[in-house]
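Undergrad: For reference, the sequence and a predicted model appear below.
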Amino acid sequence: MAKATVETQNLTRSCNELLILSALERGPKHGYELAIDIEERGAGIFGFKHGTLYPILHKLEKNKLICGAWSDEGPRGKRKSYELTDRGRRYLGDLRTSWKAFSERLLTVIERGKS
């Protein structure tokens, strides 16, 4: 797996991965719980539609950054709950570092009156 970096052409992908992995760092969740957690913690700024969220979860699982397990849960039947792997924790740490550096550079560029 390549080192986590933030590239301007992949901002959305990288941001979505950061949001999802960060939410899973707080504990296992199924897809709907992830979407609600991210939306609430982001005060409505970040939102995921099913067509966006689940392909990202499948990719993260394929890359062994998260693992999923099916369970019978209530009247809705089976749900797949996801949790962060050790590899995912390391990747999340790298991704956070990259995003912090990117954010600092971005603010430097866009601040008014600074040289």
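TA: The structure has been received and is ready for your questions. Numbering: from 1, shown residues only.

Undergrad: list the buried ones in whichever strand or helix holds residue 82?
TA: Using DSSP states H and E, residue 82 maps to strand 78-84. Neighbour counts over strand 78-84 (16 or more other Cβ atoms under 10 Å) mark 79, 81-82, 84 as buried. Bear in mind the C-beta positions are built from the backbone N, C-alpha and C, glycine included.

Undergrad: And stretch 66-74, by the same measure?
TA: So for stretch 66-74, counting by 16+ other Cβ under 10 Å, buried means 66, 68.

Undergrad: got it, and stretch 36-50?
TA: Within stretch 36-50, the residues scored as buried using 16+ other Cβ under 10 Å are 37-38, 48.

Undergrad: And it, end to end?
TA: 12 Å (Cα to Cα, to the nearest Å).

Undergrad: neighbouring contacts of that stretch?
TA: 16, 19-20, 23, 26, 29, 31, 34-35 (Cβ atoms under 8 Å, 6 or more residues apart in numbering).

Undergrad: circling back to that earlier point, show me the contact partners of the strand holding residue 82.
TA: Residues from elsewhere that reach strand 78-84, judged by Cβ under 8 Å, 6+ apart: 21, 24-25, 27-31, 34, 57, 60-61, 65-73, 92.

Undergrad: Same check on stretch 5-24?
TA: 4, 29, 34, 37-38, 41-42, 46, 48, 52-53, 56-57, 60, 65-66, 82-84, 88, 91-92, 95-96, 98-99, 101-102.

Undergrad: still on that earlier bit, next, format the buried residues of strand 78-84 as TSV and append pLDDT and distance to residue 109.
TA: Below are the buried residues of strand 78-84 laid out as TSV (pLDDT from 0 to 100; distance: Cβ to Cβ, whole Å):
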residue	pLDDT	distance to residue 109
79	86	43
81	94	40
82	97	35
84	97	32
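
Undergrad: for the residues you listed, which one is nearest residue 112?
TA: Closest approach between the buried residues of strand 78-84 and residue 112, by Cβ to Cβ: residue 84, at 38.9 Å.

Undergrad: where does the protein have low pLDDT?
TA: Along the chain, segments meeting pLDDT under 70 span 1-3, 73-76, 113-115.
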